[in-house]
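J.: Got a predicted structure plus its sequence, pasted below:
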Amino acid sequence: MAISQFKSKKKRTGGSYHKLRKKKKDDIGNDFIPIKIEKTKIKEIRTIGGNIKRRIMKTDKINLIDPKTGKGEVVKIITVKENPANPHFVRMNIITKGAVVETEKGLAKVVSRPGQHGVMNGILVQKK
């Protein structure tokens, strides 16, 4: 069964909306892809208009910015410390936007959407 990003057929009251149009191919959504901590693996997906979206499937590196100095560098990720999206993601080492990860430099907060942007960016929160 395909994932639909179509408007609901039912109102809050239980009544039905009138159908505006048929389902189209661009109404199809995608599954959530959990980003694990392993050697980097990127998948390219064709989107509408022939564009390409890059998705990170696995990664062990993050582009880390130090807000005090303003300098950035690529740092190795050790583990996930906190994830507001789901508390079980910490135990499974799944990274999403807003997750706090432990790196070689200290704790960092992920500010990019790795499943959408194809890159892992973070800001240093606490130095070691």
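T.: Sure, I can see it. Computed from a predicted model, the values in this text were never measured in an experiment. Numbering: from 1, shown residues only.

J.: from here on, contacts and neighbour counts on C-alpha atoms
T.: Noted.

J.: Let me see the contact set for residue 125.
T.: 106, 107, 108, 109 (Cα atoms under 8 Å, 6 or more residues apart in numbering).

J.: Over to it. Which of the three states is it?
T.: strand (DSSP: H, G, I helix; E, B strand; the rest coil).

J.: separation between it and residue 19?
T.: As for residue 125, its distance to residue 19 is 49 Å (criterion: Cα to Cα, to the nearest Å).

J.: swap in residue 29?
T.: 20 Å.

J.: The two: which is more packed in?
T.: Legend: neighbour count by other Cα atoms under 10 Å for residue 29 and residue 19, higher for residue 29 (12 against 9).

J.: Need the pLDDT of the more buried one.
T.: The confidence metric pLDDT takes the value 84 at residue 29.

J.: Number the chain from 8, please
T.: OK, 8 is where the count begins now, so the last one is residue 36.

J.: isn't it right up against residue 11?
T.: Yes: the pair formed by residue 36 and residue 11 meets the contact definition of Cα atoms under 8 Å, at 5.5 Å.

J.: Just give the nearest non-adjacent residue to residue 131, would you?
T.: Nearest non-adjacent residue to residue 131, counting by Cα to Cα, 6 or more residues apart in numbering: residue 115, 4.3 Å away.

J.: next one: phi and psi at the residue of the chain positioned farthest from its centre?
T.: Each residue of the chain has a distance to the centre, and by Cα atoms, centre = their mean the biggest one is for residue 22: 35.1 Å. With angles defined as degrees, to the nearest 10, residue 22 sits at phi -70, psi 170.

J.: what's the distance between the helix or strand bottoming out on mean pLDDT in the chain and the middle of its chain?
T.: Least confident helix or strand, the chain: helix 121-124 with a mean of 87, by mean pLDDT, DSSP states H and E. The chain centre lies 5 Å from the centre of helix 121-124; the measure is Cα atoms, centre = their mean, to the nearest Å.

J.: This protein: strands as residue ranges?
T.: 43-44, 48-53, 59-66, 68-72, 79-89, 107-110, 113-117, 128-134 (DSSP state E).

J.: Residue 101 contacts residue 45, correct?
T.: No: with contact defined as Cα under 8 Å, residue 101 does not count as touching residue 45 (10.7 Å).
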